[in-house]
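Undergrad: quick one: sequence plus predicted model below, questions after.
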Amino acid sequence: MRTFDFAPLYRSVVGFDRLANLLEAAATETAPAGYPPYNIERTAENEYRIEIAVAGFRPDELNVEVKENLLTVQGRKAANDETRHFLHRGLAERNFERRFQLADYVVVTDANLQDGVLQIALKRELPEALKPRRIEIGTASQPLIEGEAADKAA
């Protein structure tokens, strides 16, 4: 496994902390890329759902956390009973950690476990200041000269 020292990079990226964190996270990714499998679905214009196959995990063995636009889903399986003897073991039942980089203004609204699938609902909520707004167009009236305005007022 390779390790990279990003300390020199941090000195030159003032104000770009998020970008530097993304680079570091990508370089230190150690989890297998295919486990557990997942889907990302767009359910409405600004709503999304992530579905992760977590068969065999109970809700208390799963952790969903958001920090700095990074959604982390962890599964920590309780210690197995060593008295069980398998003839074939095809169910992974191993610990995992999946990370999803969220866009700005995307928030997690709900998480449910049903039929071995963890469903995480996401919603994009733009602040009012960033939403497009319609500007009414008026007509330009004749500018008044100060002297004329005083005569009209009298």
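TA: Sure, I can see it.
Undergrad: from residue 129, how far off is residue 61?
TA: 41 Å (CB to CB, to the nearest Å). All C-beta spots, glycine's among them, are computed from the backbone N, C-alpha and C.
Undergrad: again, but for residue 138
TA: 23 Å.
Undergrad: got the domain ranges for this protein?
TA: What automatic domain parsing lists as the domains of the chain is 1-30, 33-131.
Undergrad: hmm, back to that, residue 61 and residue 129: who's more crowded?
TA: In terms of neighbours (other CB atoms under 10 Å), residue 61 is the more surrounded of residue 61 and residue 129; the figures are 15 against 6.
Undergrad: strands of the chain, residue ranges please.
TA: 38-44, 47-53, 62-67, 70-75, 96-101, 106-114, 117-124 (DSSP state E).
Undergrad: for the longest one, name the packing helices and strands.
TA: Helices and strands touching strand 106-114, by 3 or more CB pairs under 8 Å, 6 or more residues apart in numbering; DSSP states H and E, are strand 62-67, strand 117-124.
Undergrad: go through those strands and pick out the most buried.
TA: Comparing the helices and strands packed on strand 106-114 by mean neighbour count (mean count of other CB atoms under 10 Å), strand 117-124 ranks first with a mean of 18.
Undergrad: what is the rounded mean pLDDT of that strand?
TA: Mean pLDDT, strand 117-124: 95.
Undergrad: just stretch 40-53 next, same as before
TA: On average, stretch 40-53 scores 94.
Undergrad: in it, what counts as buried?
TA: 48-50, 52-53 (16 or more other CB atoms under 10 Å).
Undergrad: and of the residues you listed, the nearest to residue 107?
TA: For the buried residues of stretch 40-53, the residue nearest residue 107 by CB to CB is residue 48; the value is 10.8 Å.
Undergrad: for residue 78, which non-adjacent residue is spatially closest?
TA: residue 61 (6.5 Å; CB to CB, 6 or more residues apart in numbering).
Undergrad: OK, contacts around that neighbour?
TA: 75-78 (CB atoms under 8 Å, 6 or more residues apart in numbering).
Undergrad: go on, residue 73?
TA: 52, 62-64, 96-100, 118, 120.
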